[in-house]
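J.: Build me a model:
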Amino acid sequence: MNESDDIPDIAIGRFPVNDVEQLGNIVEKTIRFETNITRDDYFHDFLVLADSTDGEYFTDMTEAFVETLLPTDFDYTRIDLNNQSVYHGTRDDFVDAINQNHLFFTYYGHANSIVFNHEQFFTAYNVDLIHETSLPFVFTTIGCQQQFDLDTGQSIVEKFITKASSGAVATFASTGYTYAHIAGNIISSFYEACFENPQSSIGMHVLNAKRDVLNKSGTNHSRIVPSLGDHQVVLSVNAVQSRDFIRRFTLLGDPALKLPLNIIAAQPDVDPSLPTAYALLQNYPNPFNAETVIRFSLQTRGQVSLKVYNIMGREITTLANGMYHSGAHQVRWNAIDVPSGLYFYRLETNQFCQTMKLILQK
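T.: Residues are numbered from 1 along each chain as shown. As a prediction, this is how the structure comes out:
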């Protein structure tokens, strides 16, 4: 025990198994993840799901995470439960994204052991919709409690990690109730540790994240939460409560697991985080029904315009118009009100211009 931070000097992973077969499945999945899978095997690096309740609190957390924490060479899929968001997605969209293979999946929002958000967007029963052929992912969340021996059956995290070959290879979440802003700090510190020291084990990332947040918990925390009517609720957490909440976060999985981040050492005078060229990629899926994702990368920061046109050259919609930093980006086009047909999407910057085809098929 380190007396200065009161966090154990070792990280012990738990395995929520009921029999030898489940334990064997987890061990085999862990070995395959660490020895046979690389970052290049994944279609995307990150999947981020944001709850729509509690005002814009969770979407703001998601925005901050994507803009400030993700490495610039990471691409991601973002799904918001807010119907008005340009990133809005349904349960089917979320399941499709899981099955498209993402190395990391994190959820910002309300949850308990068996359900995501108050409207039951995703439940423990829906975990069966994940294909067994999908690649395993690392799951983190600020709201989904890791509780077991439930009268209602298995919890979401339990089903994630006990899937035979897909689902989660490791999860990092609270074992009980906690405040979202404290949980958000822990998850952010975890990913900072992952990206800064990619050669370390996931157990060390967890340990360093908890230490980092614990060292900052010497003062009281408070935040204003929107509520019904014209009133606001102020949540206040003292330092003792903060330390208790931090200790509740637990790793499920092998603490010695190494993540396949494939970080390339920087060469002199070369910034490895910057793309070597501009690129506009083929939308996915294509053909598509109602919604598709368009990805592009920028070598330098600059003004970006991304528009969709019909075969007559008439502009249908503007998907991006503004300043974008260098790196990988993606936007979603929801064409629910657009007729089927062949369309063109065009990316324009001060240094680059490219047009590609897509097919809307309802």
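J.: need the helices for the stretch 151-300 of the chain, in chain order.
T.: Along the stretch 151-300 of the chain, counting by DSSP state H, counting those that start in this stretch, helices occupy 156-162, 180-196, 202-215, 239-247.
J.: any idea which of these scores lowest on pLDDT?
T.: Lowest mean pLDDT of those: helix 239-247, a mean of 66.
J.: was I right about V308 contacting Y343?
T.: Yes. Contact status for V308 versus Y343: in contact at 5.5 Å, counting by Cβ atoms under 8 Å. (Glycine included, C-beta is placed from N, CA and C.)
J.: what residues are shared contacts of those two?
T.: Applying Cβ atoms under 8 Å, 6 or more residues apart in numbering, one finds that V308 and Y343 are jointly contacted by I316, L358.
J.: check which helix or strand covers the closest residue to L129 other than its chain neighbours.
T.: Of all residues not flanking L129 in the chain, V95 sits nearest, at 4.8 Å (Cβ to Cβ, 6 or more residues apart in numbering). Assigning secondary structure by DSSP states H and E places V95 in helix 91-99.
J.: Now the element after that helix, going C-ward?
T.: Assigned by DSSP H and E, the successor of helix 91-99 is strand 102-108.
J.: Would you give the sheet partners of that next one, along with the direction of each?
T.: Counting by DSSP bridges, the strands paired with strand 102-108 are strand 44-50 (parallel), strand 137-141 (parallel).
J.: related to what we said a few turns ago, pull out the buried positions in the helix holding V95.
T.: Going by neighbour count (16 or more other Cβ atoms under 10 Å), the buried part of helix 91-99 is R91, D93, F94, V95, D96, A97, I98, N99.
J.: elements contacting it?
T.: Secondary-structure packing of helix 91-99 (3 or more Cβ pairs under 8 Å, 6 or more residues apart in numbering; DSSP states H and E): strand 44-50, strand 76-80.
J.: Let's see the longest one as CSV, backbone CA atoms only.
T.: Same thing as strand 44-50. Provided in CSV are the C-alpha atoms of strand 44-50 (Å, rounded to 0.1, in the frame of the first residue of the first chain):
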residue,chain,number,x,y,z
HIS,A,44,-12.4,2.2,-36.2
ASP,A,45,-10.4,3.0,-33.1
PHE,A,46,-13.2,4.4,-30.9
LEU,A,47,-17.0,4.2,-30.4
VAL,A,48,-18.5,6.9,-28.2
LEU,A,49,-22.1,6.7,-27.0
ALA,A,50,-23.7,9.8,-25.3
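J.: can you give me the mean pLDDT across it?
T.: For strand 44-50, mean pLDDT rounds to 90.
J.: Can you list the neighbours in contact with it?
T.: 39, 58-59, 61-62, 65-66, 70, 74-82, 87, 94, 97-98, 100-109, 116, 137.
J.: at 7 Å what do you get?
T.: 58-59, 62, 65-66, 70, 74-81, 94, 97-98, 100, 102-109 (Cβ atoms under 7 Å, 6 or more residues apart in numbering).
J.: ditto for the shortest one
T.: Strand 76-80 has contacts (Cβ under 7 Å, 6+ apart) with 44-50, 52, 59, 62, 66, 70, 87-89, 93-94, 97, 102, 293, 330.
J.: now stretch 92-112
T.: Under the criterion Cβ under 7 Å, 6+ apart, residues 39, 42-51, 53-54, 58, 61-62, 77, 79, 116-118, 122, 129-131, 134-135, 137-145, 187, 291 lie in contact with stretch 92-112.
J.: model confidence over that stretch, on average?
T.: 89.
J.: Poorly predicted segments of the protein, please.
T.: For the chain, applying pLDDT under 70 flags the ranges 1-14, 16, 55, 144-153, 176-178, 216-242, 262-276.
J.: For stretch 354-362, could you pull out the residues that count as buried?
T.: Residues M356, L358, L360 are the ones in stretch 354-362 that count as buried (16+ other Cβ under 10 Å).
J.: tell me which of these is nearest to I161?
T.: Of all the buried residues of stretch 354-362, L358 has the smallest distance to I161: 36.8 Å, by Cβ to Cβ.
J.: Bridged to the closest one, which residues?
T.: On the basis of DSSP bridges, L358 is bridged to Y343.
J.: isn't it right next to E291, touching?
T.: No. Taking contacts as Cβ atoms under 7 Å, L358 lies outside contact range of E291: 11.6 Å.
J.: farthest residue from the center of the chain?
T.: Distance from the C-alpha centroid of the chain peaks at M312, with 38.4 Å (Cα atoms, centre = their mean).
J.: Now do the contacts for it.
T.: Taking Cβ under 7 Å, 6+ apart, we find M312 in contact with no residue.
J.: Assumed it was part of a strand.
T.: No. M312 is assigned coil when assessed by DSSP: H, G, I helix; E, B strand; the rest coil, not a strand.
J.: where's it relative to S340, distance?
T.: As judged by Cβ to Cβ, to the nearest Å, M312 and S340 stand 15 Å apart.
J.: what's the answer for T300, then?
T.: 37 Å.
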